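**Q** My questions are about this predicted structure, shown below with the sequence.
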Amino acid sequence: MKTVFFATVAAGLEDLLAPELEALGARDIRRQSAGVQFTGDLACGY
């Protein structure tokens, strides 16, 4: 089952977080102010 998550990060670091999430299996990655929204299974969210 896929779940939508939001990972917070200090403003300006969204571009560094997104590739890390993708490497962990995150999909539908969307950079937003002070974070990144993504979908994935529970293992990806943790």
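**A** Cool, the structure landed. Since the structure is predicted, the reported quantities are computational estimates derived from the model, not experimental observations.

**Q** contacts for stretch 32-44?
**A** Contacting residues not belonging to stretch 32-44 are listed as 1-11, 14, 17-18, 21, 24-30 [C-beta atoms under 8 Å, 6 or more residues apart in numbering]. C-beta coordinates here come from the backbone N, C-alpha and C atoms, glycine included.

**Q** Can you select the buried ones among those for me in PyMOL?
**A** Buried members of those can be picked out in PyMOL with the line below, counting by 16 or more other C-beta atoms under 10 Å:
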select buried, resi 5+7+9+14+17+18+21+26+29
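
**Q** Select from the contacts of stretch 32-44 every entry located in strands.
**A** 3-8, 27-30 (DSSP state E).

**Q** what is the nearest residue to Val4 once chain neighbours are set aside paired to in the beta sheet?
**A** Nearest non-adjacent residue to Val4, counting by C-beta to C-beta, 6 or more residues apart in numbering: Thr39, 5.4 Å away. Counting by DSSP bridges, Thr39 forms beta bridges with Val4, Arg27.
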